[in-house]
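In: below are the sequence and a predicted model; questions follow.
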Amino acid sequence: MAAPSSGNLRPVRPQVAGDDASSQALSEALGSSLLLVRLLAVILAAAFVFSCVFTVNPSEVAVVLRFGKPVGEGADQIRKQGLHWALPYPIDEIVRIPTGESKTIRTTRAWYAVTAEEEAGGITPQGGPQLTPGVDGHVITSDGNILHVRATLRYKITQPVDYAFRFANATNLLRSCLDNSIHWASGRFTADSALYKDRIAFRDAIRRHAVTLVDRLGLGVGIDTLDVEVAAPLYVKTYFDQVIAAEQDRSKRINEAQGEFDRVTREAVGEAQRTRATGQSLSNSLVQAVSADALFFSQQREDYRKNPALFRERLRIAAIGRILTNAQDKFFQPASIGEIRMNLSREPETPRKADPNAR
């Protein structure tokens, strides 16, 4: 190693041979590459971990399929709201099932043919002279008539595993159950009952049968609401409308008559109660008056028995006192005068006004 010169204080690097320099560069390069590989491995491991974590929203549940089969048993198969872990695809597959929202299906297989424009505008198509089989859907009622029926069903998923994995298409099966229920109920109601007389009972019969089929098949859904529309065939709709209008007018008049009957009945009952109350009051007053008179006469009877003449004179004096008290003019006839003359047509006396200055 060369000694440093007296005029330069910086250290002098040792001289390295050419092979040693190449080995050192290769070692440094390998060290850097190994560091990058380690860093890349950490990043990949972190990405793998994060890819295995998934989130379930409040309005849904999830089922993890491992090689096509649900992971877990019973209630453990359901992943509810929160963070969960699963292996990356294709080992695990995450199936999300919406359970918090209401789903809707509509069946029109028993409804007459209508275009999308007519349906959107609420326009009833013009009916032909007869029903067109294969085009116009229909049902047959218990009395052999033809009606058109369509229904809208709203439901929620209650058993996610059964709904998602037990059937290839649970929605189509549910629609078939609804169609079956419509035909089943139609065969048990007359046309008049299903169309206007007992529409609520007809709808409830469809709902009950649909619930029975859903439970029997284990579709894993719960029915919320059911809306049913019933219409007469278009080629006789005018006559049905006239019958319905007549029935409504009949019901209106019956209700009006019933209301008038109730009003008159209430008034008659009230008048009868008032009459009975008045009669009872008068009866009580009369009984009290008769009882008082009977008590008075019972008390006077002893006095009459003691001295009848004195009793009669006392009564006469009392009667004269009442008469003289109420009479305006009083005339006294002496016993010696046998005739009295009175002017009965004289002018009535004007009452005198009191003098305000009089003391």
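Out: Yep, it's here.
In: ranges for the helices of the stretch 101-250 of the chain?
Out: 116-121, 160-161, 170-186, 191-192, 199-217, 237-306 (DSSP state H, counting those that start in this stretch).
In: residue 39: which of those helices is closest?
Out: In terms of CB to CB, the element of those nearest to residue 39 is helix 160-161, at 42.1 Å. The way it works is simple: take the backbone N, C-alpha and C, and place the C-beta from them, glycine included.
In: how about residues contacting that closest one?
Out: For helix 160-161, the external contacting residues (CB atoms under 8 Å, 6 or more residues apart in numbering) are 61, 63, 70, 77, 78, 97, 99, 220.
In: what's the answer for stretch 213-226, then?
Out: Stretch 213-226 has contacts (CB under 8 Å, 6+ apart) with 102, 151-163, 166-167, 170, 173-174, 177, 180-181, 203, 206-207, 210-211.
In: before we move on, what about stretch 120-136?
Out: With contact meaning CB under 8 Å, 6+ apart, stretch 120-136 is reached by 112-115, 117-118, 138, 146, 148, 233-235, 237.
In: can you turn the buried part of those into a ChimeraX selection?
Out: Of the contacts of stretch 120-136, the buried ones can be selected in ChimeraX as follows, counting by 16 or more other CB atoms under 10 Å:
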select :112,138,146,148,233,234
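In: would you point out the most distant pair within the contacts of stretch 120-136?
Out: For the contacts of stretch 120-136, the maximum inter-member distance is 25.6 Å, found between 117 and 146 (CB to CB).
In: show me which of the contacts of stretch 213-226 are buried.
Out: Buried by 16+ other CB under 10 Å: 151, 153, 155, 157, 159-163, 167, 170, 173-174, 177, 181, 203, 206-207, 210-211, out of the contacts of stretch 213-226.
In: hmm, back to that, need the buried ones from the contacts of helix 160-161 selected in ChimeraX.
Out: Buried residues within those, by 16+ other CB under 10 Å, are selected in ChimeraX with:
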select :61,63,70,77,78,97,99,220
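In: rewinding a little: ok, which of the helices of the stretch 101-250 of the chain comes nearest residue 229?
Out: helix 199-217 (9.7 Å).
In: list the contacts for residue 152?
Out: 104, 105, 106, 226, 227.
In: so can I have TSV of the contacts of stretch 120-136 showing distance to residue 316 and pLDDT?
Out: Written out in TSV, the entries for the contacts of stretch 120-136 read as follows (distance: CB to CB, whole Å; pLDDT from 0 to 100):
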residue	distance to residue 316	pLDDT
112	105	88
113	111	86
114	107	85
115	112	82
117	111	83
118	107	79
138	105	91
146	102	91
148	102	93
233	102	88
234	103	83
235	104	81
237	98	80
